[in-house]
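K.L.:
give me the fold of what follows.
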Amino acid sequence: MRYLFEDYALDTDRRELQRGGAPVPLEPQVFDLLAYLVEQRDRVVSKDDLLAAVWNGRIVSESALTTRINAARRAIGDSGDAQRLIRTLRGRGIRFVGTVREETAAEAITDPGVSLPSADRFSIAVSPLTNTSGAPLSLPRKPSIAVLPFTILSDDPEQQYFADGVVEDIITALSRFKSLFVIARNSSFTYRGKAVDIKQVGRELGVRYVLEGSVRKSADKVRINGQLIDSTTGAHVWADRFEGKLKDVFELQDQITTNVVGELITNVEVAEIERARRKPSTSLDAYDCYWKGLAEYWKISQPGSDDALAYFLKAINFDENFASAYGFAATTYAVRWQNRWMVNVAQERAEAVRLARRAIELGQSDEVALSRGGFVLAAIAGELDFGAECARRSLMMNPNYAIGWLHSAWISLYSGDHQTVRANVGQFERLSPRAPTLFQGKLAAAFAHVFEGHYKEAAYLAEQLTHELPSLGSAWRVLAMSRALAGDVALANIATKKMLELDPSLRVPAMASTMPLRRAVDVERLKEGYLLAGFPP
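P.N.:
Numbering: from 1, shown residues only. From the prediction side, this is the model:
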């Protein structure tokens, strides 16, 4: 059913709210609350009515209830004291008072025996995986900064990896200052090659300052230009040029970091400065291979993983103590495992574990090595407690390390700590609001909802993922089992058919064994959901 009011359309079949044809993002409970109020608009709804309909009778605090009501009001432009659509009646409850026209929706389900709908048949209009809504993110209380990809001033496009490596190191150094809020690399790099409005970048990433620049590498010389801009005004705070021999590139990076920090923080502890300047390797040859490996790793493809591994292992050959290179090599194997790209599974998994242990052994003060090594040992070797401790120590060192929050979320999922999953995903998304890897956080949150029995919430996230990434098999699996567990077997079967088109070899035992789940009840929940959804036993 579609309910039309003002310039809004609320579609309860598709779980979609639109304004003027554009999607309005809503959390699942907020959607349910709004839909219930619209459906019951001919009467006053009490708190008990809401708890029974939206929370299934669970006890909810007054503040939580008020937060959801206010969110529903904001979604339909009814915030403030006007209450033109959702009106509070003291001592009685609330009521939707807007004029509503009902419109019957077309049949939503196609006979799965006839044809399979395209991926967007499952989609709902929700917030995209990146912050493209135009709504500005609130600024953190501490100085906040994003470092955009530097332009490479060279006719050789192959040198882009070098400029990216320089920026990555600057971001890492800045993130180690706990008095700063630093946006992760994967969000900053979504602006590569674009003519950007610095004010818009600040709004989209939720930061006050933006650092941009350029790199020129010629023979054995390098020149780096940098400028720090206040995104709220567009004014230049600082600009400078740094040049020297190629072997001095690390020193040039440190000079840029020191200048930026000096502009943003009045009092800086010496220990923070020393830690920010600490490099996991002093070998430029090792770093050159490492930077090339990163460029291939972030392609998240099977050929990219092949090339990334070769570069990371070559970096280790140049410097056998390069902890971060070991960590990235290990997680490259993990990516291959998760995407079924491994050729010799037993051999590659063993190598992943070996590299992860070495990363942790060498990287006791390196958040990248600790977090990545810990995640691999948890995901592939099932060492959940040790992996969780590595992730915790990594974030203690560098709370700005966005991927560390993602790793911690997944390890918490494996361990059965589902509330921590959602909290850590939230931290990851705020530090990296535009990253292409945001789907990994939403996927972890969707699994957590399944294990908690919140099937509608899990399906909400899974539908979003299948809309944005129709080839992401794990999203179809979550969608299928969450729909089946919620009792909607018809839609579940359609998602199952789509998943089996992507990978016909899937069987329930294999799917249930892809995560090292500690709780037997979680394993059984997976198996039950997959079987109900119609996957082959």
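K.L.:
just for the protein, where's the confidence low?
P.N.:
Scanning the chain for pLDDT under 70 picks out 20-21, 79-82, 104-136, 157, 266-273, 275-276.
K.L.:
any idea how far the residue positioned nearest the centre of the chain lies from Ser187?
P.N.:
Centroid-nearest residue in the chain, with C-alpha atoms, centre = their mean: Leu438, separated by 2.4 Å. Distance, Leu438 to Ser187, using C-beta to C-beta, to the nearest Å: 9 Å. For the C-beta atoms, the positions are set from N, CA and C on the backbone; glycine is no exception.
K.L.:
ditto for Arg278
P.N.:
Noted for Arg278: a distance of 24 Å to Ser187, by C-beta to C-beta.
K.L.:
which of these two has more neighbours?
P.N.:
Ser187 (24 against 12; other C-beta atoms under 10 Å).
K.L.:
wait, the more buried one touches Val207, no?
P.N.:
No: between Ser187 and Val207 there is no contact under C-beta atoms under 8 Å: 9.9 Å.
K.L.:
what sits in contact with each of the two?
P.N.:
Listed contacts common to Ser187 and Val207 are Ala146; contacts here mean C-beta atoms under 8 Å, 6 or more residues apart in numbering.
K.L.:
show me the strands in this protein, by range?
P.N.:
Secondary structure of the chain (DSSP state E): strands at 2-5, 8-11, 16-19, 22-23, 86-89, 93-96, 101-103, 144-147, 151-152, 181-182, 209-218, 221-230, 236-245.
K.L.:
Asp417 is nearest to which of those strands?
P.N.:
In terms of C-beta to C-beta, the element of those nearest to Asp417 is strand 181-182, at 25.4 Å.
K.L.:
quickly run through the sheet partners of the closest one, with directions.
P.N.:
Here strand 181-182 is paired, per DSSP bridges, with strand 144-147 (parallel).
K.L.:
what's the strand it pairs with in contact with?
P.N.:
Strand 144-147 is contacted by residues 167, 170-171, 174, 180-183, 187-188, 201-202, 205-212, 228, 260, 264 when judged by C-beta under 8 Å, 6+ apart.
K.L.:
how about stretch 503-510?
P.N.:
By C-beta under 8 Å, 6+ apart, stretch 503-510 touches Arg340, Gly473, Met499, Leu500, Lys527, Tyr530, Leu531, Phe535, Pro536, Pro537.
K.L.:
does the second one touch Leu500 like I think?
P.N.:
Just to be clear, that refers to Gly473. No: using C-beta under 8 Å, Gly473 is not in contact with Leu500, being 9.6 Å away.
K.L.:
so what sits against both of the two?
P.N.:
Counting by C-beta under 8 Å, 6+ apart, no residue touches both Gly473 and Leu500.
K.L.:
how about Leu431, what does it touch?
P.N.:
Counted by C-beta under 8 Å, 6+ apart, Leu431 has contacts Phe181, Val182, Ile183, Ala184, Ser187, Asn400, Ala402, Trp405.
K.L.:
and the buried ones among these, selectable in ChimeraX?
P.N.:
Per 16 or more other C-beta atoms under 10 Å, the buried members of the contacts of Leu431 correspond to this ChimeraX selection:
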select :181,182,183,184,187,400,402,405
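K.L.:
so which of the contacts of Leu431 is the closest to Ile152?
P.N.:
Ser187 (20.2 Å).
K.L.:
contact partners for the closest one?
P.N.:
Ser187 makes contact with Ala146, Leu205, Ala402, Leu431, Ser432, Pro433, Arg434, Ala435, according to C-beta under 8 Å, 6+ apart.
K.L.:
that older thread, between Leu438 and Ser187, which contacts overlap?
P.N.:
Ser432.
K.L.:
surely Gln440 meets Ile403?
P.N.:
No: Gln440 lies out of contact with Ile403 (C-beta under 8 Å); the separation is 9.3 Å.
K.L.:
rewinding a little: just put the contacts of Ser187 in a markdown table and tack on distance to Leu85.
P.N.:
Supplementary listing: the contacts of Ser187 in a markdown table, determined by distance: C-beta to C-beta, whole Å:
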| residue | distance to Leu85 |
| --- | --- |
| Ala146 | 37 |
| Leu205 | 32 |
| Ala402 | 37 |
| Leu431 | 35 |
| Ser432 | 35 |
| Pro433 | 29 |
| Arg434 | 32 |
| Ala435 | 35 |
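K.L.:
show me those residues that map onto helices.
P.N.:
Leu205, Ala402, Leu431 (DSSP state H).
K.L.:
wait, which of those residues is closest to Ser218?
P.N.:
Leu205 (32.1 Å).
K.L.:
pretty sure that closest one is touching Val182, no?
P.N.:
No: in this structure Leu205 lies outside contact range of Val182 using C-beta under 8 Å: 10.5 Å.
K.L.:
wait, Trp341 sits on Gln302?
P.N.:
Yes: counting by C-beta under 8 Å, Gln302 is a contact partner of Trp341 at 4.5 Å.
K.L.:
next up, the contacts around the nearest residue in space to Arg483 that is not next to it in sequence.
P.N.:
Using C-beta to C-beta, 6 or more residues apart in numbering and skipping the chain neighbours, the partner closest in space to Arg483 is Ala492 (3.8 Å). For Ala492, the contacting residues are Leu479, Ala480, Met481, Arg483, Ala484, Leu532, Ala533, Gly534, by C-beta under 8 Å, 6+ apart.
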